[in-house]
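Model the following, please.
(one chain, ligands or ions: 1)
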Amino acid sequence: MGRASDESPDSRREAMMLQIRNYVGGRFVDGASTFPDVDPTTGTTVAEVHEADAPLVDQAVLAARAAHEGPWGRTTVADRCRLLRRLADLVDARAEDLVRAEVIDTGKPAATARSLDVARAAANLRSFADTAAAEGMESYLLEHPGGQALNYALRKPLGVVAVIVPWNLPLLLLTWKLAPALACGNTVVVKPSDETPASATLLAELVEEAGFPAGVYNVVHGRGAGSAGEFLTGHPAVDGVTFTGSSATGAAIMRAVAPRVRPVSFELGGKNAAVVFADADLDATLDGLARSVFANTGQVCLCTERVYVERGVFEDVCAGLVKRAEALHLGAPDDERTTTGPLISAAHRAKVLRYLRLAEESGAQVRTGGDVPDMPDALSGGWWLRPTLWTGLTNADRVMRDEVFGPVAGLIPFDDEDEAVHLANDTEYGLAAAVWTSDLRRGHRVAQRMDVGIAWVNTWFLRELRSPFGGTGLSGIGREGGRHSLDFYTETTNVCVAL
Ligand code: NAD
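Below is the predicted model of the structure:
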């Protein structure tokens with residue numbers, strides 16, 4: 001994947017192992033070293049990834065800088081939106097290739113990659129093209145006291161933006177940042193997760209085919225600390241960093257950019273709560289709740305890990321959620337019965353298993369799961385975990401405080417609305433919450449009291465792409481989505497002309 005610009009005649013090794021290269025200044029480039037790309041469903045290496053060292057990251061940033069100062073800097077917002085729409089069409093046309101890339105890297109069901117990751121990638125590109133075209137980069141008039149001056153404001157791109165993304169929804173999260181960055185006239189250097197390098201690399205082929213000038217989109221591969229991620233965020237010619245990932249990495253990136261005082265946009269971790277009132281439509285609630293706990297094997301920043309249930313329906317909700325957890329089918333991505341893939345890596349499963357032990361040490365009752373399932377031989381080397389539900393925990397227990405990022409949740413009863421709000425807000429995170437009730441006045445009231453970036457009522461993961469997205473506390477800094485993204489990816493100059 002990623003044609004080498006200096007194609008070697010010795011293609012034997014290439015034929016044996018997919019090669020995933022960096023993309024710099026419009027060329028696919030080898031790295032000085034490689035690291036393995038592992039299929040999480042089997043634990044086998046499926047590709048060699050070319051790692052970018054500091055000089056290659058430097059080349060990528062300089063290529064982005066040159067493109068920004070070159071023809072890209074002279075494009076209009078209409079030109080850029082046209083290219084983004086063309087790219088969205090190519091994502092649709094190559095959807096199955098992108099689905100394969102996501103499946104190989106993440107192990108998620110192909111149906112999920114198709115309907116969620118790839119479909120949303122195209123939607124992201126179109127939505128930001130529409131928003132940028134409607135909002136424009138142009139001036140708006142401001143009234144001046146006494147009428148003695150004309151004021152207008154110009155949006156200008158930041159310049160070179162570092163885009164650093166995680167492994168859980170690789171293409172979806174990449175395009176969520178790429179589309180507004182490019183619509184605003186920036187150039188980008190993307191650093192995908194070392195676990196999921198394939199889709200960002202394949203996207204480079206589509207970016208080229210769509211007609212974006214060389215250097216506008218660059219991809220460097222590697223890990224974070226001491227590798228491509230750190231080389232990129234510490235680079236003096238990077239004008240802004242947009243990052244999705246863990247809160248700890250957000251803090252490290254903040255330290256890296258602090259000496260140069262560059263803007264950052266952070267979409268970080270969550271420890272999201274669901275609050276279920278006794279008046280909720282239980283069947284619909286349980287379906288939504290189960291999705292919110294187990295979607296993508298619990299590896300979505302928005303997934304619910306804390307479930308607070310009004311005492312009168314506590315046992316019914318436990319039983320209904322256990323039933324839905326046990327109905328999930330863990331299996332191969334192409335098997336139509338599969339609802340649930342593996343965890344992303346051996347290291348991540350080891351971390352989740354540590355939390356499983358910790359929950360038991362805290363006195364949790366394991367209502368279902370809590371261990372590694374027996375899988376068919378072909379899948380036995382993968383990083384599988386049984387969906388797990390606990391009761392008997394309190395908010396003081398570590399598993400109810402730390403983000404686990406797996407198919408797990410703890411259920412705790414509450415007695416009244418104030419207690420539910422207190423329990424849900426009792427966290428250092430503030431990304432999302434879901435309130436389940438058939439009393440809409442209560443729904444509004446409780447949702448408004450949640451200290452989070454997004455509060456759902458009787459739904460979960462339903463997103464209008466122009467609405468603001470982000471978190472409070474450990475869950476992030478800033479909001480993206482629609483014009484909120486345009487605010488981050490531009491600087492504004494006010495011009496004041498005396499009349
Ligand atoms: P991570 O923070 O370990 O890595 C994310 C990216 O940052 C990767 O590309 C990684 O290589 C890079 N990175 C790591 N250390 C770095 C450093 N010092 N400098 C520069 N780059 C560095 O996160 P992850 O494990 O890939 O993803 C899971 C996390 O992402 C979870 O915490 C999840 O909640 C969060 N997440 C948040 C959102 C959101 O929108 N809020 C969405 C998805 C995932």
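
Tell me the residues on the stretch 201-350 of the chain that lie near the ligand, please.
Within the stretch 201-350 of the chain, the positions lying close to the ligand (CB under 6 Å from any ligand atom) are 223-225, 229-230, 233, 244-246, 249, 252-253, 267-270, 301. (Glycine included, C-beta is placed from N, CA and C.)

count of residues packed around the residue nearest to residue 88 when sequence neighbours are not counted?
Excluding its sequence neighbours, the residue lying closest to residue 88 (CB to CB, 6 or more residues apart in numbering) is residue 125, at 3.9 Å. Other residues lying near residue 125 total 29 when counted by other CB atoms under 10 Å.

For the closest residue to residue 29 other than its chain neighbours, list the residues it contacts.
Taking CB to CB, 6+ apart as the measure, residue 29 lies nearest to residue 22, with 4.7 Å between them; neighbours along the chain are not counted. Applying CB atoms under 8 Å, 6 or more residues apart in numbering, one finds that residue 22 lies in contact with 2, 28-31, 50, 52, 56, 60, 218-221.

pretty sure residue 152 contacts residue 144?
No. At 10.7 Å, residue 152 and residue 144 do not qualify as touching, with contact defined as CB atoms under 8 Å.

Just the ones of the residues of the stretch 201-350 of the chain next to the ligand in helices?
Applying DSSP state H to these, the entries found in helices are 229-230, 233, 249, 252-253.

Between those, identify the one with the most neighbours.
The most crowded member of those is residue 229, carrying 27 neighbours; neighbours defined as other CB under 10 Å.

give me every residue that touches the residue nearest the centre of the chain.
Most central residue of the chain, judged by C-alpha distance to the mean C-alpha position with CA atoms, centre = their mean, is residue 173 at 4.0 Å. By CB under 8 Å, 6+ apart, the contact set of residue 173 is 165-166, 244, 267.

Next, format those as TSV and append pLDDT and neighbour count.
Formatted as TSV, the entries for the contacts of residue 173 read as follows, by pLDDT from 0 to 100; neighbours: other CB atoms under 10 Å:
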residue	pLDDT	neighbour count
165	98	26
166	98	24
244	98	25
267	98	27
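
Residue 310: how many residues sit nearby?
By the other CB under 10 Å criterion, the neighbourhood of residue 310 contains 22 residues.

Once you drop chain neighbours, what's closest to it?
residue 278 (4.2 Å).

Per-residue pLDDT of the residue nearest to residue 29, please?
With respect to pLDDT, residue 22 scores 98.

distance of it from the ligand?
The gap separating residue 22 from the ligand is 14 Å, by CB to the nearest ligand atom, to the nearest Å.

what's the answer for residue 378, then?
Separation of residue 378 from the ligand (CB to the nearest ligand atom) stands at 27 Å.

In a helix, that residue, correct?
Yes. Secondary structure assignment places residue 378 in a helix (DSSP: H, G, I helix; E, B strand; the rest coil).

Thought residue 332 was touching it, still the case?
Yes. Using CB under 8 Å, residue 378 is in contact with residue 332, at 7.3 Å.

Among those two, which residue is more densely surrounded?
Counting neighbours by other CB under 10 Å for residue 378 and for residue 332 shows that residue 332 has the greater number, 19 against 10.

and that one, what does it touch?
Shown in contact with residue 332 (CB under 8 Å, 6+ apart): 41, 338, 378-379.

of these, closest to the ligand?
Distance from the ligand was checked for each of the contacts of residue 332 by CB to the nearest ligand atom. The minimum falls on residue 41, at 18.4 Å.

Could you count how many residues lie near the closest one?
The number of residues near residue 41, taken as other CB under 10 Å, comes to 25.

In the stretch 301-450 of the chain, what residue comes closest to the ligand?
In the stretch 301-450 of the chain, the residue found nearest to the ligand is residue 301; the distance is 3.1 Å by CB to the nearest ligand atom.

Work out for me the element residue 290 sits within.
When secondary structure is defined using DSSP states H and E, the element that contains residue 290 is helix 282-294.

hmm, back to that, which helix or which strand is home to the residue nearest to the centre of the chain?
Taking DSSP H and E as the criterion, residue 173 maps to helix 170-183.

contacting residues for the closest residue in space to residue 398 that isn't next to it in sequence?
Once its chain neighbours are removed from consideration, residue 398 has its nearest residue in residue 358; the separation is 5.7 Å (CB to CB, 6+ apart). Counting by CB under 8 Å, 6+ apart, residue 358 makes contact with 397-399.

ok, of the residues you listed, which come out buried?
Among the contacts of residue 358, those classed as buried by 16 or more other CB atoms under 10 Å are 397, 399.

In strands only, show me the contacts of residue 358.
When DSSP state E defines the strands, the subset of those inside them is empty.

Secondary structure element holding the residue lying closest to residue 150 once chain neighbours are set aside?
Spatial nearest neighbour of residue 150, chain neighbours left out: residue 497 (4.7 Å); criterion: CB to CB, 6+ apart. Using DSSP H and E, residue 497 maps to strand 490-498.

Parallel or antiparallel, which strands does that strand pair with?
Take DSSP bridges as the rule and strand 490-498 pairs in its sheet with strand 149-157 (antiparallel).

near the ligand, which residues of the stretch 351-499 of the chain?
403, 405, 431, 471, 476.

wait, the fourth one sits on residue 265?
No. In terms of CB under 8 Å, residue 471 does not count as a neighbour of residue 265; the distance is 11.3 Å.

Name the residue in these two with the higher neighbour count.
Counted by other CB under 10 Å, residue 471 and residue 265 do not tie: residue 471 has more neighbours, with 27 against 24.

And that one, how far from residue 427?
Residue 471 sits at a distance of 11 Å from residue 427 (criterion: CB to CB, to the nearest Å).

Residue 270 too?
When distances are taken as CB to CB, residue 270 and residue 427 turn out to be 9 Å apart.

if you count what's nearby, which of these two comes out ahead?
Comparing residue 270 with residue 427 by neighbour count (other CB under 10 Å), the higher total belongs to residue 270, at 29 against 25.

State the number of residues packed around the closest residue to the more buried one other than its chain neighbours.
Using CB to CB, 6+ apart and skipping residues adjacent in sequence, the residue nearest residue 270 is residue 431, 3.3 Å away. Each residue near residue 431 was counted by other CB under 10 Å, and the total is 26.

Could you do residue 468 as well?
The burial metric for residue 468, expressed as a neighbour count using other CB under 10 Å, is 14.

which residues does it contact?
By CB under 8 Å, 6+ apart, the neighbours of residue 468 are 453, 479-482, 484.

Could you rerun that using 10 Å?
Contact partners of residue 468, counting by CB atoms under 10 Å, 6 or more residues apart in numbering, are 453-454, 478-485.

Name the nearest residue to it, ignoring sequence neighbours.
Spatially, and ignoring its direct neighbours in sequence, residue 468 is nearest to residue 479 (3.9 Å; CB to CB, 6+ apart).

If I follow the layout properly, the one you found ends up in contact with residue 470?
Yes. Checked against CB atoms under 10 Å, the pair residue 479 and residue 470 is within contact range at 4.1 Å.

how many neighbours does residue 141 have?
Taking other CB under 10 Å as the definition, residue 141 ends up with a neighbour count of 9.

mind listing what it touches?
Taking CB under 10 Å, 6+ apart as the definition of contact, the neighbours of residue 141 are 150-153.
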